[in-house]
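# A predicted structure for the sequence below; I have some questions about it.
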Amino acid sequence: MSDSSSPTLAATQSQRPPFYRDAVVVKWLTQVATLLLVLAALFFLTTRAGQELAAKNISTGYEFLGVNPGLDLSEGIDTDPATGGRALWVGMVNTIRLAIAGIMAATALGVIVGVGRLSGNWIVSKLSSLYIELVRNVPLLVQIFLIFAVIAALPRAVEDQGPIHGWIHLSNKGLSVPRVFPGDGFYQWLVFLGIGAVVGRYVARRRRRSQELTGRDAYPVLWLLAVVAAFGMAGWWLHPVFGWLGPVFAVVADAVGAVPPGAVQAAISLGALAAAGWWIKRFVDSHRTPAGLAKLTDDDYFRMIFAGVGAGLVIVTVFVVWPGLASWVVNSGRDLFEVVSDKFGNGRSGPPIDGHRPDIQKLGNFPNYGPAGLNFTQGMAAVYFGVVLYTAAFIAEIVRGGILAVPRGQTEAAQAVGLRRVTMLRRVILPQAFRIIMPPLGNQYLNLTKNTSLAIAVGYSDLVQVGQTLFSQTGKSIEIFSIWMLFYLACSLSISAIVNFFNVRLRLVER
Amino acid sequence: MTAADTAGGAAGADTGAHARADMIVCEGVSKWFGDFQALDGITATIAEREVVVVLGPSGSGKSTWIRCINHLEHHQEGRIVVDGVELTNDLRNIEQIRSEVGMVFQQFNLFPHLTVLGNITLAPIWVRKKPRREAEAAARALLERVGIPEQAEKYPGQLSGGQQQRVAIARALAMDPRVMLFDEPTSALDPEMIKEVLDVMKGLARSGMTMMVVTHEMGFAREVADRVVFMEEGQIVETGTPEHFFTSPAEDRTKQFLSQIL
């Protein structure tokens, strides 16, 4: 048998196909060709755009970020920004503010409405259904305009008047409520809370252990909260003792500022190389057979080569394309620590948290809200309540779906072993529902963040509105588009990362 | 009417020598799903340490009856008393009965997000407030008893159907129940797995557990049951010892049913 078959086997192996029929060669050729094609297209588009812009006498570049744009913003951390970059930053902060506050409110409202729709209480369930169907089926922009119009129809702001005199003002200028903000000693106080959390964790762990040993309820969570609260209360008056942290951070700031840019360049390059090396090593390891042989396909080699090329690109960028990056990193690091040092400064002995009642000032012809209170201007309120109400309707349906997706048998089994309602929800139903809810919930958070860009319709100074104004003044369309896209991409990726983190954690707990 | 008499009579004959206490007493229990009457005046008494097998065509109300006994379904007429505690709207009574009555379902209904050990210890820890270590030791002993001590750390999804059902039995036993209810425990299993579950149930019966079993396993009924109850259209048609029931049934309907399944 083997005598007769081995010569023919050898003969077939020795025959090599022509290169255009050789699967390996064809695969490599097409991959390289695709890569070259993409690079060529990118090169063509960028040079072509540059030529077109040059022909129309439009200069490209990001110089406008450092120039005074001479524009006033309706609201934000700085209504009269000194540079274009500062103006965009104010817009970004406004967008982030809306997104974070919106995500929290939409989640709370969505969970309540979603559970309400499942409630055995007929009125609650019908009201929830009505809300969901009404809000979900009207375009968001229409709802924002509607809220805007409702606020515009409110009475004018009058000095020293409001629904609750001196505390809450509601008028056609929007809503103004008392503002609570971090005061003088806030950061020193945070140190106290941090120490309290560490001690509290230790105490809670001991309580939990004793609960497992004796079976008696030892209230570990209550103990944790009590310890943190005790530290927080003590720190309210004692926080100036941490004033020495300010000079320490000042020393750190000086040390960071003294780092030569070359060292930063070298560190970034080494980091990129190490990351690529680590990735390749892990990749090869994950493809090892039990015998220790790495079985790699052509695609796998391509991935490893790309990892190496990526590290090379980083190094070229740092040393050749953008050498200023290193000094920028050094300066930003120094500035950051200087800010922190200032926050911890010795002179800060005021209360950690402070508050103001809203005020109304009459600077021009009409009274308007002053800076003391927390102001929801007409535009901000319209966008905020618009995206919150809209997203909450979708979140409610997701929550309802997640709970319904847990089979009925789970409830019955939990009842049959005698679990009470709350324990059953906490230990059996919700852990299974959350696994289903998390991914679509993350999508809704992304939607909410992106939908805040509708602020442009009602003149709220979010990133898109500020960018639009800057664009009409400077004509830098490509640059502003790139900033918009990078910003929203960064937001979305951050949200995805956070949601994924919880997703993986939930899965680990369960499986 | 006659059904009620036979049920009472059989129980009396069976318990005469030992004078066992009544564990489950049902008196005229009725239940409707909308217009459909699922249970029609069920009257029966199940004594301590007795094993009762409930037979009947599908839709005859067997499952509804035993689900009423731990209040997964709410009966609308009549009385149910378990171990001297009557099932009323009193939440404390319901809780007490549920913690004394173990139940095994057709679809196992294990908690997929918990390990086998987590499934068994959940109720002892959160209902009985047992220390975790004690509950886990008891759970391992129960897994030994149902023959799968090596699966303690696995998740339900990693087990075969027969193993899952044995975990479900261990989970019910972890609450030290006085009564065990089985709702078609082998109907969702492959034939070769049915035996391992039935063996566990036989062991349980031999140890003196009071059991009510809805099943189609005639072999099990013949070998283990003290009494067989035949139901149709929400009523008890006939009840008696296995020999009587399988060899010389009195009612025509029972004969017809047996001729179809045997």
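That came through, no problem.
# near chain B, which residues of chain A?
Neighbours of chain B within chain A, by Cβ under 8 Å from any Cβ of the partner chain: A:211-217, A:407, A:409-410, A:412-420, A:423, A:427-428, A:431-432, A:435, A:509-511. The way it works is simple: take the backbone N, C-alpha and C, and place the C-beta from them, glycine included.
# from those residues, which would you call buried?
Buried by 16 or more other Cβ atoms under 10 Å in any protein chain shown: A:211, A:215, A:410, A:412-419, A:423, A:427-428, A:431-432, A:435, A:510, out of the residues of chain A next to chain B.
# So which of those residues sit within strands?
Using DSSP state E, no member of those falls in strands.
# Which parts of the chain are strands?
No chain was given, so I picked chain A. Going by DSSP E, chain A shows strands at A:169-171, A:174-177, A:179-182, A:353-356, A:360-361, A:368-369, A:374-377.
# wrong chain, I was asking about chain B
Here chain B has its strands, by DSSP E, at B:22-33, B:36-47, B:51-55, B:77-82, B:85-86, B:101-104, B:179-183, B:210-214, B:227-232, B:235-240.
# want to throw the ones you listed into CSV with distance to chain A?
Converted to CSV, the strands of chain B look like this (distance: least, Cβ to the nearest Cβ, whole Å):
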stretch, distance to chain A
strand B:22-33, 15
strand B:36-47, 17
strand B:51-55, 17
strand B:77-82, 13
strand B:85-86, 13
strand B:101-104, 4
strand B:179-183, 8
strand B:210-214, 13
strand B:227-232, 21
strand B:235-240, 24
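# Name the stretch among those that sits most buried.
Greatest average neighbour count among the strands of chain B goes to strand B:101-104 (a mean of 28), per mean count of other Cβ atoms under 10 Å in any protein chain shown.
# what is the mean pLDDT for that one?
In this model, strand B:101-104 carries a mean pLDDT of 94.
# What separation do you get for the residue of chain B most remote from its centre and chain A?
Distance from the centre of chain B peaks at residue B:133, with 29.2 Å (Cα atoms, centre = their mean). Distance, residue B:133 to chain A, using Cβ to the nearest Cβ, to the nearest Å: 7 Å.
# Likewise for residue B:146?
Look at residue B:146 and chain A: by Cβ to the nearest Cβ, they are 16 Å apart.
# quick one: contacts for that residue?
The contact partners of residue B:146, by Cβ atoms under 8 Å, 6 or more residues apart in numbering or on different chains, come to B:166, B:167, B:169, B:170, B:200.
# Phi and psi next, for it.
As for residue B:146, its main-chain torsions (degrees, to the nearest 10) stand at phi -90, psi 0.
# how about the nearest residue to it, chain neighbours excluded?
residue B:166 (4.1 Å; Cβ to Cβ, 6 or more residues apart in numbering or on different chains).
# correct me, but the one you found touches residue B:149?
No - using Cβ atoms under 8 Å, residue B:166 is not in contact with residue B:149, being 11.0 Å away.
# confidence score at the closest residue to residue A:66 other than its chain neighbours?
Nearest residue to residue A:66 in three dimensions, chain neighbours excluded: residue A:83, at 5.4 Å (Cβ to Cβ, 6+ apart). In the prediction, the pLDDT value recorded for residue A:83 is 88.
# got a list of what the nearest residue to the residue farthest from the centre of chain B once chain neighbours are set aside touches?
Counting by Cβ to Cβ, 6+ apart, residue A:212 is the residue found nearest to residue B:133 once chain neighbours are left out, at 6.5 Å. Listed by Cβ under 8 Å, 6+ apart, the contact set of residue A:212 reads B:131, B:132, B:133.
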